[in-house]
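Novice: Please find the sequence and the predicted model below.
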Amino acid sequence: MANHPKFELYTGNNGEIYFRLTATNGEPILGSEGYKAKDSALNGVESVRKNSADGDKFERKTAANGKFYFNLKASNGQVVGTSQMYASEASRDNGIESVAKNAAAAEVEDNA
């Protein structure tokens, strides 16, 4: 069975609800902040779907340790998702392309 990109909802150790977008290979490419309510997390998923279509909403960053990552921002400037750390700028940019390509059609798997 082929894997499909998906948003996974899950409950963190702190009791908050999180989501992560995983690529077809099952690797996480974008993660959320914690939400108090599942409806809020689902609103975050919808925000990722909407904003990932706009390349200007991706903020390319470099961490203090020299690794590369990105944030996806909503129209109001709030970060709605943060990527994993990447060893190169090219890998980070591939991650951005993957979110842009996969977020709109990704299904939600509710494990929260």
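Specialist: Great, that's in hand.

Novice: Any idea what the spatially most central residue of the chain is bridged to?
Specialist: The centre of the chain sits closest to L30, judged by CA atoms, centre = their mean, with a distance of 2.4 Å. Judged by DSSP bridges, the bridge partners of L30 are L21.

Novice: which ones are touching it?
Specialist: Taking CB atoms under 8 Å, 6 or more residues apart in numbering as the criterion, L30 is in contact with R20, L21, V48, L72, G81, T82, S83, G95, V99, A103. No exception for glycine: its C-beta is placed from N, CA and C like everyone else's.

Novice: If we use 7 Å, what do you get?
Specialist: Residues counted as contacts of L30 (CB atoms under 7 Å, 6 or more residues apart in numbering) are R20, L21, V48, L72, G81, S83, V99.

Novice: Widest-spaced pair of the residues you listed?
Specialist: R20 and L72 (12.5 Å; CB to CB).

Novice: Tell me which of those two has more neighbours.
Specialist: Using other CB atoms under 10 Å as the criterion, R20 and L72 rank with L72 on top: 24 against 17.

Novice: In what element of secondary structure is the more buried one found?
Specialist: Per DSSP states H and E: L72 is located in strand 68-73.

Novice: Can you work out which other helices and strands pack against that strand?
Specialist: helix 38-51, strand 58-62, strand 79-82, helix 89-102 (3 or more CB pairs under 7 Å, 6 or more residues apart in numbering; DSSP states H and E).

Novice: just so I know, which of those lies nearest A112?
Specialist: Of these, nearest to A112 by CB to CB is helix 38-51, at 5.7 Å.

Novice: hmm, who's touching that closest one?
Specialist: 7, 9, 17-19, 21, 30, 32, 35, 57, 72-74, 80-81, 103-104, 108, 112.
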